[in-house]
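In: sequence first, then the predicted structure, then my questions.
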Amino acid sequence: MAKKKANNFQDIHVEDYLAEYECNYITSETLIYDFNRHKQSLNGEWNFAVDQYDTCLRQKWFLE
């Protein structure tokens, strides 16, 4: 699990943060098919906020 950073703004000036995400393209070899997999509907009311500074990507929140 990723270690939580004390300063939430230390990654905000890293200009090269998108490089690791831009090179990963979906191909027929990397595609995951959903046939015979459990599915859950996400229909309903949602609240969201725009992450205009890509804070989630920069701090890798998806790893937590």
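Out: Alright, I've got the coordinates.

In: who's in contact with residue 18?
Out: 54, 57 (CB atoms under 8 Å, 6 or more residues apart in numbering). Using the backbone N, CA and C atoms, a C-beta is placed for each residue, glycine as well.

In: could you number the chain from 51 rather than 1 from now on?
Out: Okay, using 51 as the starting number, the last item reads as residue 68.

In: next, give phi and psi for residue 105.
Out: Main-chain torsions, residue 105, degrees, to the nearest 10: phi -60, psi -40.

In: report how many residues lie close to it.
Out: By other CB atoms under 10 Å, 13 other residues sit near residue 105.

In: where are the low-confidence patches of this protein?
Out: Counting by pLDDT under 70, the chain shows low-confidence ranges at 51-61, 74.

In: pull the CA atoms of the helix or strand hosting residue 106 into PDB?
Out: Assessed by DSSP states H and E, residue 106 sits inside helix 105-109. Extracted C-alpha coordinates of helix 105-109, given in PDB (Å, rounded to 0.1, in the frame of the first residue of the first chain):
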ATOM      1  CA  THR A 105      -4.200  15.700  -7.500                       C
ATOM      2  CA  CYS A 106      -5.500  12.200  -7.500                       C
ATOM      3  CA  LEU A 107      -3.000  11.100 -10.200                       C
ATOM      4  CA  ARG A 108      -0.100  13.000  -8.900                       C
ATOM      5  CA  GLN A 109      -0.500  11.500  -5.400                       C
END
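
In: list the buried residues in that helix.
Out: 108-109 (16 or more other CB atoms under 10 Å).

In: just give me how far that helix sits from the chain centre.
Out: When C-alpha coordinates are averaged (CA atoms, centre = their mean, to the nearest Å), helix 105-109 and its chain have centres 8 Å apart.

In: and if you look at stretch 80-90?
Out: 19 Å.

In: again with stretch 79-99
Out: The answer for stretch 79-99 is 15 Å, by CA atoms, centre = their mean.
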